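A.B. asks: need a 3D model of the following:
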Amino acid sequence: MSSDQPGHRARPALAGLLDEATRLLGAEDDPSQVADLLGEAVLGGLDPHDTTVLRSVIGLVRALDVRDTDPADVPRPRSGPQPVADRALVVTVAEDGTMSAAADALHDVLGYPVGSITPRQMRDLVHPHDLAGLQRAFGSLAAAPGTQVEVDARVRHADGRWLVLAVSMINLLETTGINAVVAHGHNVTEKRAADRALAIERSRLRELVLHLAGGVVVDDGYRVLMDNTAFDRIFRPGKEVTGATVAELLDLVASECADPAVAWEMLDRMIRSGQTHRAVRLSLAGGRVVACDLVPLRASSTMGTLWYFRDITRESVARSELEETNRALEEAANLKSRFVATVSHELRTPLTAVLAFAEMLEDSTEPLTAQQAAHLAVISRNANRLLRLVDDLLLLSRLETNQLSMRFTDIDVADLVTGATENHVPIGARSGISVTATVGPGPQIHGDPARLTQVLDNVLTNALKFTRAGGAVRVDARSDRASWTISVADTGIGVPAAELPGLFDAFTRASNAGAAGIPGSGLGLSICKQIVAVHQGAMTIESTEGVGTTVRVTLPTGLGPELDADLSGAIGIDPADPAGPAGAREVVGAGGVTSGGMTADGMGQR
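C.D. replies: A predicted model of the protein is given here:
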């Protein structure tokens, strides 16, 4: 028979090698040296079939050599029963069915005492579910000399556990000196358990990837290992992506981009960098926009990549529209400010002339009739009111455009609060309203005294205007060293709770103020809040309709020159010498004090 056909006798060269190996082993030579000898033969001129057979024999010889291993060298598990030595269980089955196995191997691998298990009893140790498969594999092998087969089988350990043995069987029935089917099994229980756990985790990972909303691709640095339907939906590849090379994946993604060459170069550079890249925007053909994350995956000496794609076309369009809207609103606000400034300036000139001529008429040498004097008073009163409104509009415009010049210096809060309160004592006395102030000790603040006086004047004027005769206005200033809190509380008509949040908006007035016929423009509190904000402070209102209102102004202390540095470029601050030291005093309003500084009615009221 020709030895070229599988299942026939080994060639003379191979048979000679096997005969020599058998002789050396029979002479009790070192099995490792025999294996090395056969290994050198593999490197010779044998054909592939003979080489395969010889490699299996080498494995068997090395398995025999394991018996000489010192038990102390066998790795032990960290816990659990006495471990199984990591050596092979070798079983030979002769042509007549006679089985033989090394007794010490049965002890070392399966834990049975030497001599307690005969080779024929080994069949009873095989798991019933695996026995039929093992027998089929053996029957198929026995019919084809020179071939080999591998199969897993569960075998019962002496302590009752089932071990998984990886059984490798080779048909050497026609090999001189052996003439048997040789099987050797290694304990792979832990490895198979680890393989199953890994397979489960891979399955879970794949399910996760498949159900992610974004497109996912995972590669090993050369080929794509997996992708999901979301990726197909975004890039419409028209073919299977899993299994494609990374270069093909790059071509596919870049071809969908508006500029394929630029996209390909950018993605290739990102992959080669080995770094994580987040939210890289890719503009696709047709106006679509995709955000791409690239995360390197390192495993031993190889490095793959996780690609994650998200279609952000809607978000991108919405963001662009929002930015456009913001630009339009900003332009409209600037246009409004310029318009208000221009109109206010143009109105101020003729109003000044009207007031000047009204004063001239009042000072005329010719006496006015009672009716003429009354008409002139109406002209003066309304012209002054309109002039104050124009001044408020100009001030608000300058605040909104950061064009209001301020002069910052150190301020004694006690002097500031006392002065503002004293200016309003006579005004309150004329209306039957008491005005009192209490100021505690504390450090100086840094700010513009004129503008802060303007804020207090406006708040006090509002309190008096909305309080009926017999009511009271109380001013209280306290410091916690970090800041000053100045409270102005009145017993006036209050503000409806629903209207409190918008009370600081320009041209906003409480509805009950209009119903009561109390005049005002609704600009005062808006201007006050912006002035306080320039001083890095805060302004709040608490009110109960029919009970009264409390306005609180909080101003930080200890800012000093730092505030000048922060704000001088924005609003034209002119730092000045610090004021004198602050004191602590209590002021109770009394009659006969005249107003000074800025007029209390210099701004539109609440």
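
A.B. asks: every contact and neighbour count from this point should use C-alpha atoms.
C.D. replies: Noted.

A.B. asks: list the contacts for the residue positioned nearest the centre of the chain?
C.D. replies: The residue lying closest to the centre of the chain (C-alpha atoms, centre = their mean) is Arg278, at 11.0 Å. The contact partners of Arg278, taken as C-alpha atoms under 8 Å, 6 or more residues apart in numbering, are 292-294.

A.B. asks: Three-state assignment for it, please.
C.D. replies: Look at Arg278: counting by DSSP: H, G, I helix; E, B strand; the rest coil, its state is strand.

A.B. asks: and Ala513, what does it touch?
C.D. replies: Ala513 makes contact with 466, 519, according to C-alpha under 8 Å, 6+ apart.

A.B. asks: which SSE is it in?
C.D. replies: Ala513 belongs to helix 511-515 when elements are defined using DSSP states H and E.

A.B. asks: Val182 too?
C.D. replies: Remark: Val182 resides in strand 180-187, with elements defined by DSSP H and E.

A.B. asks: ok, and what's touching that strand?
C.D. replies: 60, 63, 84, 86-95, 109, 142, 163-174.

A.B. asks: quick check: mean pLDDT of that strand?
C.D. replies: Averaging the model's pLDDT scores along strand 180-187 yields 88.

A.B. asks: list of residues touching the helix or strand just after it?
C.D. replies: With elements assigned by DSSP H and E, the helix or strand that comes after strand 180-187 is helix 189-211. Defining contact as C-alpha under 8 Å, 6+ apart, one finds that helix 189-211 is touched by 163-165, 216, 226-230.

A.B. asks: do the same with stretch 246-257
C.D. replies: By C-alpha under 8 Å, 6+ apart, the list of residues contacting stretch 246-257 reads 219, 221-224, 235, 237, 241, 260-261, 263-264, 267-268, 282-285.

A.B. asks: and it, how far from the chain's centre?
C.D. replies: In terms of C-alpha atoms, centre = their mean, to the nearest Å, the gap separating the centre of stretch 246-257 from the centre of its chain is 28 Å.

A.B. asks: kindly report the same for stretch 499-510.
C.D. replies: For stretch 499-510, the distance from its own C-alpha centre to the chain's C-alpha centre is 38 Å (C-alpha atoms, centre = their mean).

A.B. asks: and if you look at stretch 102-122?
C.D. replies: Centroid separation for stretch 102-122 versus its chain: 61 Å, with C-alpha atoms, centre = their mean.

A.B. asks: now the terminal residues of that stretch, how far apart.
C.D. replies: Using C-alpha to C-alpha, to the nearest Å, the span of stretch 102-122 from its first residue to its last is 12 Å.

A.B. asks: do you know the pLDDT at the residue of the chain positioned farthest from its centre?
C.D. replies: Centroid-distance maximum for the chain: Glu366 at 81.4 Å, with C-alpha atoms, centre = their mean. In the predicted model, Glu366 carries a pLDDT score of 80.

A.B. asks: next: the one 5 residues further on.
C.D. replies: pLDDT for Gln371: 87.

A.B. asks: which residue packs closest to Thr540, ignoring adjacent ones?
C.D. replies: Leaving out its chain neighbours, the residue that sits closest to Thr540 by C-alpha to C-alpha, 6 or more residues apart in numbering is Arg552, at 5.3 Å.

A.B. asks: contact partners for that neighbour?
C.D. replies: Contact criterion C-alpha under 8 Å, 6+ apart gives 485-488, 539-541 as the residues in contact with Arg552.

A.B. asks: now Ala437. Its backbone dihedrals?
C.D. replies: The main-chain torsion angles of Ala437 are listed as degrees, to the nearest 10 and equal phi -140, psi 140.

A.B. asks: wait, it sits on Thr418?
C.D. replies: Yes. Using C-alpha atoms under 8 Å, Ala437 is in contact with Thr418, at 7.1 Å.

A.B. asks: pretty sure Val295 is in a strand, no?
C.D. replies: Yes. Membership of Val295 in a strand is supported by three-state DSSP.

A.B. asks: so how many other residues sit close to it?
C.D. replies: By the measure other C-alpha atoms under 10 Å, the count of residues near Val295 is 19.

A.B. asks: the protein - how does it break down into domains?
C.D. replies: 1-185, 212-310, 316-400, 409-588 (automatic domain parsing).

A.B. asks: could I get these as a markdown table with distance to Arg196?
C.D. replies: Rendered in a markdown table, the data for those read as follows (distance: least, C-alpha to C-alpha, whole Å):
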| stretch | distance to Arg196 |
| --- | --- |
| domain 1-185 | 13 |
| domain 212-310 | 19 |
| domain 316-400 | 44 |
| domain 409-588 | 63 |
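
A.B. asks: of these, which stretch is the most buried?
C.D. replies: Comparing the domains of the chain by mean neighbour count (mean count of other C-alpha atoms under 10 Å), domain 409-588 comes out on top with a mean of 19.

A.B. asks: just the helices in the stretch 401-550 of the chain please.
C.D. replies: Counting by DSSP state H, counting those that start in this stretch, the segments of the stretch 401-550 of the chain that form helices are 413-430, 449-465, 511-515, 524-534.

A.B. asks: helix, strand or coil for the residue nearest to Thr540?
C.D. replies: When the rule is three-state DSSP, Arg552 gets the label strand.

A.B. asks: for the stretch 401-550 of the chain, which spans come out with low pLDDT?
C.D. replies: For the stretch 401-550 of the chain, the stretches with pLDDT under 70 are 401, 403.

A.B. asks: list the contacts for Thr305?
C.D. replies: Shown in contact with Thr305 (C-alpha under 8 Å, 6+ apart): 218-221, 271, 294-297.

A.B. asks: distance from the chain centre to whichever strand or helix holds it, please.
C.D. replies: Secondary structure from DSSP H and E places Thr305 in strand 302-311. In this view, strand 302-311 has its centroid 18 Å away from the chain centroid, taken as C-alpha atoms, centre = their mean.

A.B. asks: which residues touch the residue farthest from the centre of the chain?
C.D. replies: Applying C-alpha under 8 Å, 6+ apart, one finds that Glu366 lies in contact with no residue.

A.B. asks: can you pull the phi/psi pair for it?
C.D. replies: Here is the backbone geometry of Glu366 (degrees, to the nearest 10): phi -80, psi 130.

A.B. asks: that older thread, now, which of the contacts of Thr305 sits nearest Thr147?
C.D. replies: The shortest separation between Thr147 and any of the contacts of Thr305 is 34.9 Å, and it belongs to Asp220 (by C-alpha to C-alpha).

A.B. asks: now the closest one, nearest residue through space, not along the chain?
C.D. replies: Gly304 (3.9 Å).
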